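S.K.: Provide a 3D model corresponding to the input given below.
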Amino acid sequence: MTSVKKSLPAIIRLTCLNQALIDRFLDAFWSERGASRNTLASYERDLRLLCHWLGEQGSTLEHATRGDLLEYLAIRVRDGAKSTSTSRLLSSMRRFYRWQVRENMRKDDPSAQIEMPKQGRYLPTVLSEIEVDALLAAPDNTQPLGLRDRAMLELLYATGVRVSELVGIRLHEISLSNGVIRITGKGGKERLVPLGEESHEWITAYLREARPILMQGKPIDEHVFVTARGGGMTRQMFWVLIQRYASQAGIARSISPHTLRHAFATHLLNHGADLRVVQMLLGHTDLSTTQIYTHVAQARLQDLHREHHPRG
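M.R.: Reported below is the predicted structural model:
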């Protein structure tokens with residue numbers, strides 16, 4: 001769990017009398033579910049903040065009651081927590097207390113009768129195909145770093161991978177001869193994703209022309225996408241880059257790497273792709289997670305109808 005703790009923000013380095021208990025829970029959760037590093041970090045953050053608040057009330061995670069949890073949730077909502085954050089917090093509580101009951105650490109589950117907050121349907125921001133073209137053309141591909149960035153953007157849009165999956169790709173996971181890439185997703189699950197012709201060409205050019213320059217005289221690194229210093233790219237660094245290129249492309253809205261994942265899925269559906277194929281490419285375990293994109297695609301069709309139909 002050391003690697004997870006190092007990634008946590010300073011805000012959770014608060015007094016918590018139950019840290020050893022939280023560590024045991026996270027170890028158990030990781031071994032049973034193969035949870036990702038980000039998921040473990042989120043659970044630890046939620047439980048540490050709850051633990052700190054309980055300590056201020058003279059209680060602990062072990063002795064928290066349903067009333068304590070309800071009061072804490074109410075305070076978070078009052079302070080402006082979104083329904084998605086509240087749902088994740090309640091999920092953290094439930095997993096923790098179910099584990100305690102299962103391990104005979106306590107007889108009751110104080111989170112059992114607490115309902116999840118109702119959430120409105122979230123429709124992700126999606127770029128148009130023209131906006132995507134402008135974004136992809138923004139990097140200066142005559143420069144090594146620009147060619148790297150173009151290859152990353154092309155791959156992101158061609159495959160719909162998560163940004164954490166993108167920056168984590170190793171050289172042996174790309175098969176240019178077969179035109180596929182092996183992605184290790186959430187929970188360590190692997191999937192093969194086709195590169196597509198455009199992405200294939202840009203990655204080939206980057207690996208042949210730019211990466212050797214960036215790696216010249218640097219220690220060997222297996223990451224496909226590297227920095228000017230020869231180390232692996234980070235999610236935070238790529239987030240900054242995509243916002244810079246969005247500005248250069250004249251995209252006024254705030255976007256993130258995930259925006260290209262949304263565009264990938266929505267544009268596939270707009271062009272007739274089967275929903276289950278999109279689910280497989282995105283690495284979604286549950287089809288219902290992918291179905292949000294059908295609503296985005298339908299919303300786009302409605303906009304087109306209103307714009308172009310004489311009686312729209």
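S.K.: who's in contact with stretch 104-120?
M.R.: Outside stretch 104-120, the residues that touch it by C-beta atoms under 8 Å, 6 or more residues apart in numbering are 62, 64-66, 68-70, 73, 77, 83-84, 86-87, 90, 93-94, 97-98, 100-101. Quick note: C-beta positions are derived from backbone N, CA and C, even for glycine.
S.K.: and if we set it to 6 Å?
M.R.: 64, 65, 66, 69, 83, 86, 87, 93, 94, 97, 100, 101 (C-beta atoms under 6 Å, 6 or more residues apart in numbering).
S.K.: The fifth one - how many residues pack around it?
M.R.: To tie it back to what came earlier, the one meant is residue 83. 14 (other C-beta atoms under 10 Å).
S.K.: Kindly report the same for the third one.
M.R.: For residue 66, the count of nearby residues is 14 (other C-beta under 10 Å).
S.K.: next one: the first one
M.R.: Neighbour count for residue 64, taken as other C-beta under 10 Å: 23.
S.K.: got it, and the fourth one?
M.R.: Burial of residue 69, expressed as a neighbour count using other C-beta under 10 Å, amounts to 20.
S.K.: what residues are up against it?
M.R.: 110, 111.
S.K.: at 10 Å instead, please
M.R.: 50, 54, 89, 90, 93, 94, 97, 110, 111, 114 (C-beta atoms under 10 Å, 6 or more residues apart in numbering).
S.K.: The residue positioned nearest the centre of the chain and residue 199, how far apart?
M.R.: The chain has residue 162 as the residue nearest its centroid, 5.6 Å off, counting by C-alpha atoms, centre = their mean. Residue 162 is 16 Å from residue 199, where distance means C-beta to C-beta, to the nearest Å.
S.K.: Please convert the buried members of the contacts of residue 69 into PyMOL selection syntax.
M.R.: To isolate the buried subset of the contacts of residue 69 in PyMOL, counting by 16 or more other C-beta atoms under 10 Å, use the following:
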select buried, resi 50+54+89+90+93+94+97+110+111
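S.K.: which ones among the contacts of residue 69 are found in helices?
M.R.: 50, 54, 89, 90, 93, 94, 97 (DSSP state H).
S.K.: quick one: the fourth one and residue 73 touch, right?
M.R.: Yes. Shown here, residue 90 and residue 73 form a contact pair, counting by C-beta atoms under 10 Å, at 6.9 Å.
S.K.: hmm, back to that, out of the ones in helices among the contacts of residue 69, what pair is the most spread apart?
M.R.: Taking C-beta to C-beta as the measure, the ones in helices among the contacts of residue 69 reach their widest spread between 54 and 94, a distance of 16.3 Å.
S.K.: just to revisit the earlier point, surely the residue nearest to the centre of the chain and residue 262 touch.
M.R.: No. With contact defined as C-beta under 10 Å, residue 162 does not count as touching residue 262 (11.4 Å).
S.K.: before we move on, the earlier item: ok, so of the contacts of stretch 104-120, who is nearest residue 216?
M.R.: For those, with residue 216 as the reference and C-beta to C-beta as the criterion, the closest is residue 87, at 48.0 Å.
S.K.: Which strand or helix spans the closest one?
M.R.: Using DSSP states H and E, residue 87 maps to helix 83-102.
S.K.: following that helix, which helix or strand comes up?
M.R.: Sequence order places helix 129-136 as the next helix or strand after helix 83-102, per DSSP H and E.
S.K.: List the buried residues of that following helix.
M.R.: Those would be 131, 132, 134, 135, 136, for helix 129-136 by 16+ other C-beta under 10 Å.
S.K.: any idea how far the nearest residue to the third one once chain neighbours are set aside is from residue 90?
M.R.: If I follow you right, that is residue 134. Ranked by C-beta to C-beta, 6 or more residues apart in numbering and with sequence neighbours excluded, the top spatial neighbour of residue 134 is residue 249, at 3.9 Å. As judged by C-beta to C-beta, residue 249 and residue 90 stand 39 Å apart.
S.K.: same thing with residue 77?
M.R.: With C-beta to C-beta as the criterion, residue 77 and residue 90 are 11 Å apart.
S.K.: How about residue 213: what's its closest non-neighbour residue?
M.R.: residue 144 (4.6 Å).
S.K.: who's in contact with that neighbour?
M.R.: Residue 144 is in contact with 206, 209, 210, 211, 212, 213, 214, 216, 228, counting by C-beta under 10 Å, 6+ apart.
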